[in-house]
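**Q** Below is the structure, and that's it, no one-letter string:
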């Protein structure tokens, strides 16, 4: 799956939870917005007012995950259990 498809899939999965997550908007930026075939990452800005997403951001900064895949798996599993959200 290409990075652009992954970004689109992420947006499709999170958008149904926008009210519960207090997500105001999602923005794709970086090399993917220029249709570069050599993109090696996905830059998504999530504008929100949610404490869980703030904690997740801090975990990313503190390098609590072994890989990007581990971080996305953590987020995905957490979203499945919306009781985690404050």
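**A** Okay, I see it. No experiment lies behind these values; they were computed from the predicted model shown.
**Q** can we go C-alpha only for contacts and neighbour counts from here?
**A** Fine.
**Q** contact partners of the helix or strand residue 45 falls within?
**A** Counting by DSSP states H and E, the element that carries residue 45 is strand 43-48. With contacts defined as C-alpha atoms under 8 Å, 6 or more residues apart in numbering, strand 43-48 is touched by 7, 21, 22, 23, 24, 25, 26, 27, 28, 29, 30, 32.
**Q** swap in stretch 18-31?
**A** 7, 11, 17, 39, 42-50, 85.
**Q** quick check: mean pLDDT across the strand holding residue 45?
**A** In this model, strand 43-48 carries a mean pLDDT of 91.
**Q** Centre of the chain to the helix or strand just after it, how far?
**A** Tracing the chain C-terminally past strand 43-48 and defining elements by DSSP H and E, one meets helix 51-61 next. Relative to its chain's centre, helix 51-61 lies at 11 Å (C-alpha atoms, centre = their mean, to the nearest Å).
**Q** Please list all residues in contact with the spatially closest residue to residue 40 that is not a sequence neighbour.
**A** For residue 40, ignoring the flanking residues on the chain, the nearest one in space by C-alpha to C-alpha, 6 or more residues apart in numbering is residue 3 at 7.8 Å. Neighbouring residues of residue 3 by C-alpha under 8 Å, 6+ apart: 32, 39, 40, 41, 42.
**Q** List buried members of the residues you listed by neighbour count.
**A** The neighbour-count test (16 or more other C-alpha atoms under 10 Å) marks 32, 42 as buried among the contacts of residue 3.
**Q** Throw the contacts of residue 3 into a markdown table and include distance to residue 66 and secondary structure, thanks.
**A** Shown next, in a markdown table, are those (distance: C-alpha to C-alpha, whole Å; DSSP: H, G, I helix; E, B strand; the rest coil):
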| residue | distance to residue 66 | secondary structure |
| --- | --- | --- |
| 32 | 24 | helix |
| 39 | 21 | coil |
| 40 | 17 | coil |
| 41 | 16 | coil |
| 42 | 17 | coil |
